[in-house]
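Chemist: Here is a sequence with its predicted model. Questions after.
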Amino acid sequence: MSFIFTVRSTPASAHRRETSTGSPLPAISEDGTSSSEAQHPPPIPARASNRPAPKHFALSTLPRHRYDSPPTHSHFSFDDEGERPNAEKLAAARAGVLSNKHIVKRGGWKRLLIIGIIIVLCIVGLVVGLVFGLRNRQRSSSSSNGSTDGGASGNVSGGSSPATSTAFPAGSYSFTTYLSTVFTNCTSNPATWTCYPYTTYSSSPSDSTATFQWIIDPVPHSPNYTISSTDNFFSILFTNLTLSLMNAGQSHEHYYFSTGMQKPTKPSVALTNQNLASTCYFNQTSFQGYLYTKMARTFPSGASNTTETGQPFADWPYAVRVEQMSGGGSGTPTCLGPQGQSLGDFSVSNTAQQCECLYLNNEA
């Protein structure tokens, strides 16, 4: 649109300019045309075919031109439908998940995170439990270590399967002995140290019998042997202890083994004025055995010196000596009541003092 401006003459009071001509100057429009020319708007050129569509449209009108593909410089990637960029679709999906009424109602993302952590911990616990279970099963089945336990009462399971080899000294044997001697010098209260069957041979030969059942196995690819215990009233348990041949070729030739253990005892009398049941522990107890291969046995009477074949636990045909000993010193023994409370100090200061249970099957 063009605008026409007319030049007005100044008022009469202003200075007048005399013109040489009598006709006034024509009005001049803004675009340089005079008012005398026809007042028509300039023609509108046709829209270029490659002109991009405007970004905003007035009154929600759609663009008149559509394009099959975006310009080469566009950084948007359209989806399969060609209507919305992938980024817009992902944003819409994220907004839908975040505003999900079930998630919001049940605690939101914090609750889901806690549930996820619990699931992971359960899986880790199952894996760790399985690994340790298999490891413990292998340890119990192989019994490769010389584990021991010991006491004067009770019955704890040990290895009870007869030996697979019967070439002497390998095999499963019963060692029938009697309780020969009891020493209680390592404690200030003799009642704290006990020896099964609690009666010595000098008091009653028939009531002093104590039988051990042990298994001797050969070590593969070696001339050596190991020994293991079975169920017993002594609660003396050990597995695969090494047997050492001592004084070979002599009359007192024997196999020797030893191990350390904790010996629990149950005193038959009250240790305090409260008359409480008590348990005493001798933590530095040693257990050792001497299995003779030439020395004759004399107990029980009429026993022969030949190995009985075909028996699960044949009698050991020779003499045997079994010792259970504990030295004195601070903390020996430790005696506790039913609630685990200390019942007093029953130790002796002289560490050379010994407590002992001695078992024999001969008179030597």
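Modeler: The structure has been received and is ready for your questions.

Chemist: can you give me the strands in the stretch 151-300 of the chain?
Modeler: Secondary structure of the stretch 151-300 of the chain by DSSP state E, counting those that start in this stretch: the strands cover 171-184, 209-218, 225-229, 237-238, 241-246, 254-265, 279-292.

Chemist: Now mean neighbour count and mean pLDDT too, for these, in a markdown table please.
Modeler: Every residue, glycine included, has its C-beta placed from N, CA and C. Shown next, in a markdown table, are the strands of the stretch 151-300 of the chain (neighbours: other C-beta atoms under 10 Å; pLDDT from 0 to 100):
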| stretch | mean neighbour count | mean pLDDT |
| --- | --- | --- |
| strand 171-184 | 20 | 96 |
| strand 209-218 | 20 | 95 |
| strand 225-229 | 22 | 96 |
| strand 237-238 | 23 | 91 |
| strand 241-246 | 16 | 96 |
| strand 254-265 | 20 | 96 |
| strand 279-292 | 21 | 96 |
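
Chemist: Helix, strand, or coil at I123?
Modeler: Here I123 is recorded as helix under DSSP: H, G, I helix; E, B strand; the rest coil.

Chemist: thinking again about what came up before, closest one to T200 among the strands of the stretch 151-300 of the chain?
Modeler: For these, the distance to T200 is smallest for strand 171-184, at 5.2 Å, taking C-beta to C-beta.

Chemist: that older thread, which of the strands of the stretch 151-300 of the chain sits closest to Q339?
Modeler: Ranking these by proximity to Q339 (C-beta to C-beta) places strand 279-292 first, at 11.6 Å.

Chemist: which helices and strands sit right next to the closest one?
Modeler: strand 254-265, strand 320-327, strand 334-336 (3 or more C-beta pairs under 8 Å, 6 or more residues apart in numbering; DSSP states H and E).

Chemist: element containing the spatially closest residue to Q324 that is not a sequence neighbour?
Modeler: Nearest residue to Q324 in three dimensions, chain neighbours excluded: C357, at 4.3 Å (C-beta to C-beta, 6 or more residues apart in numbering). Using DSSP states H and E, the element containing C357 is strand 354-360.

Chemist: which helices and strands sit right next to that strand?
Modeler: Packed against strand 354-360 by the contact rule (3+ C-beta pairs under 8 Å, 6+ apart) you find strand 171-184, strand 320-327.

Chemist: Please tell me I have it right and G327 contacts Q284.
Modeler: Yes - with contact defined as C-beta atoms under 8 Å, G327 counts as touching Q284 (6.1 Å).

Chemist: Serialize the strands of the stretch 151-300 of the chain to CSV and add fields for distance to W193.
Modeler: Shown next, in CSV, are these (distance: least, C-beta to C-beta, whole Å):
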stretch, distance to W193
strand 171-184, 5
strand 209-218, 16
strand 225-229, 21
strand 237-238, 20
strand 241-246, 24
strand 254-265, 6
strand 279-292, 7
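
Chemist: any idea how far C122 is from the residue nearest to Q324?
Modeler: Counting by C-beta to C-beta, to the nearest Å, the gap from C357 to C122 is 51 Å.

Chemist: the more surrounded of the two?
Modeler: C357 (25 against 10; other C-beta atoms under 10 Å).

Chemist: show me where pLDDT drops low in the stretch 51-200 of the chain?
Modeler: Residue ranges of the stretch 51-200 of the chain with pLDDT under 70: 51-87, 89-109, 135-166.
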